[in-house]
Each structure stands twice: as structure tokens, then as C-alpha cells.
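Colleague: Starting from these lines, generate the structure:
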Amino acid sequence: MSFSALVYHEIRDDLNLVQQPMTPLKAANGYAINLPTALFLNSEDFKHQMTYLVEQQFHFLSMQEVKDYYEKNIALPPNSVLITFDDAFQSLLTTAYPILKELGIKATLFLVSGWLFDDASDYNASASQVLSMVELQAMSDVFELANHTHDLHNLIKVGVNGAMEASFEALQADLSRCNQVIEHTDTFAYPFGFYHETLVDNLAKLGFKYAFTTKVGHNDRSTECLKLNRALIFNNMPFENFQQIVNT
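Modeller: You can find the predicted model right below:
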């Protein structure tokens, strides 16, 4: 038995995703980058995908079920899927959370803890603004939290993120800070999906057992647990492609 993992970023209806190809990040630590809106979905497409999974009787995995599958040899239910989000943008609260809650779907959020604001803010339609911890706690009935770094989610150059460039000591300090505010302290998602073997080895030394890429493919017991597949779901993806990802 295997499972698929999906990753989403923003679910938004207030942007023209064709005319506005980029949106600025607004994060508490001041990191600035323009994010491609190709990573975003509108609410109609997202709800269509989630409703399909519910109607086709997919089983929505918790991270603990993933761990039990690998560590305790516990079989997964048929059609198992892990729904994940990265980065904790405001649309997670305003749009994704209500849809998931309505449909009874649990999900995992990979959190960049250094991006979190101390206080909640009004919705910022001009940016991809990150939430506050208080707002995340209000969604704990749907989202469980895992590690996406504290301050090392930055783009050094094409194909290289801050976690790849950090010394072992700096990586340890950074991930430890994120681990202070999450449940799954042994579970990581590579920033931008980028990694090298040194980062994989360092994660293992730091006690991480699971890490997710952005590679397409199902996961089974032959998949390296620090290189788990996780398909990026993007704007205007044909529904047939989505079906192929979850059913292959």
C-alpha cells in the first residue's frame, strides 16, 4: 500500500492569477521575495479537488499515521492521501480552512516560524501575508504543524535555499527554534523543494525522520523517508492531471 502527498500554498479569489503573475511576500522577519501566483488556486478549483477526494472515499492521513506506517508497519487504508500546506499565508485562514473544515479534512501545515507575526492583521489583498500564531492556534482542529525552518526559508540562488548553505550549528539552532512551536518536531519540508545530500544527512543527525520534497510520485516503504514525494498543485492544473496524481 502507498500514499500520495499534495502541497498547496494559497487559495485566493481576489487575484487575477493571469494578469498578476507575482505577489510580494510579507513576513515578520522582513524577508522579501515575489512569489509566483502559479502556486495559488482559486477556491472553486480547490473545493472541487477536495470534494472529489471525499466523494471517492479517500482517506486523509495524519502525520502520525504516516509515521506508524513506516515505524510500526501499520497498513494504510486504501486511497490514502496527505494534504499539506506550506508557509501559513492569510488565505489559509480565510479560504482554505473553512473548506477543509466543512468537508471534514485534516491537513499538515509546514510552518516557517520566523515569518509569523506577533499579532493578527486585517487581510492584505496586495501581498502574500503570513498569519500570527494566535490565528494558527484557532485552526488546530484542522491543521497540525511541522517544520519548514525558522529563518532559513530564503532563496540564495536558483536551486539553493538557506538551509542548504547553513552550517550544521546554524541549521540546528534554526530548526530548534521552529520546533518550539510545532507538534511534529521530526518532520520537515525542504524550502522551495531544494535539497542536497549534506542537508539530508544533517537532518538525520538532528533527529529528523521525515522530510518532504516537491517531487511527484506515490510513497511506499521503499521511498526514503527523508526524500518523500509531495506533488505541487498549481493554478490551472487540468483536473485530469490532479486525478492522475492521486490515483496513479
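Colleague: Surely residue 38 forms part of a strand?
Modeller: No - in this structure, residue 38 is helix, not part of a strand, as judged by DSSP: H, G, I helix; E, B strand; the rest coil.
Colleague: Quick one, grab the pLDDT at it.
Modeller: Note on residue 38: pLDDT of 89.
Colleague: And the helices in this structure?
Modeller: With DSSP state H as the criterion, the chain has helices at 43-55, 63-71, 90-91, 97-103, 133-137, 162-165, 168-179, 197-205, 239-247.
Colleague: Deepest in the core, which of those is it.
Modeller: helix 90-91 (a mean of 24; mean count of other C-beta atoms under 10 Å). Any C-beta I mention is one placed from the backbone N, CA and C, and that applies to glycine too.
Colleague: between the helices of the chain, which one is nearest to residue 150?
Modeller: Ranking the helices of the chain by proximity to residue 150 (C-beta to C-beta) places helix 168-179 first, at 4.0 Å.
Colleague: what does that closest one rub up against?
Modeller: 111-114, 147-152, 163, 166, 185, 188, 199, 202, 205-206, 208 (C-beta atoms under 8 Å, 6 or more residues apart in numbering).
Colleague: Over to stretch 159-166?
Modeller: Here stretch 159-166 makes contact (C-beta under 8 Å, 6+ apart) with 149, 151-156, 171, 174, 190-192, 194-196, 198-199.
Colleague: Report the buried members of the residues you listed.
Modeller: 149, 151-154, 171, 174, 190-192, 194-195, 199 (16 or more other C-beta atoms under 10 Å).
Colleague: Show me which of those residues is closest to residue 64.
Modeller: Nearest to residue 64 among the buried ones among the contacts of stretch 159-166, with distances taken as C-beta to C-beta, is residue 190, at 21.3 Å.
Colleague: list the contacts for that closest one?
Modeller: Applying C-beta under 8 Å, 6+ apart, the residues near residue 190 are 161, 163, 199, 211-214.
Colleague: ok, 7 Å please
Modeller: By C-beta atoms under 7 Å, 6 or more residues apart in numbering, the contact list for residue 190 reads 211-213.
Colleague: Go through these and say which is closest to residue 75.
Modeller: Distances from residue 75 to the contacts of residue 190, taken by C-beta to C-beta, are shortest for residue 212, at 21.3 Å.
Colleague: So that closest one is in contact with residue 232, correct?
Modeller: No - using C-beta atoms under 7 Å, residue 212 makes no contact with residue 232, being 10.8 Å away.
Colleague: Show me which of these two is the more surrounded one.
Modeller: Remark: of residue 212 and residue 232, residue 212 carries more neighbours, 27 against 18, as counted by other C-beta atoms under 10 Å.
Colleague: how far away is that one from residue 122?
Modeller: 32 Å (C-beta to C-beta, to the nearest Å).
Colleague: Run a quick neighbour tally on the nearest residue to residue 29 once chain neighbours are set aside.
Modeller: Using C-beta to C-beta, 6 or more residues apart in numbering and skipping the chain neighbours, the partner closest in space to residue 29 is residue 114 (4.4 Å). Residues near residue 114, counting by other C-beta under 10 Å, number 21.
Colleague: quick one: contacts for residue 114?
Modeller: 28-29, 150-151.
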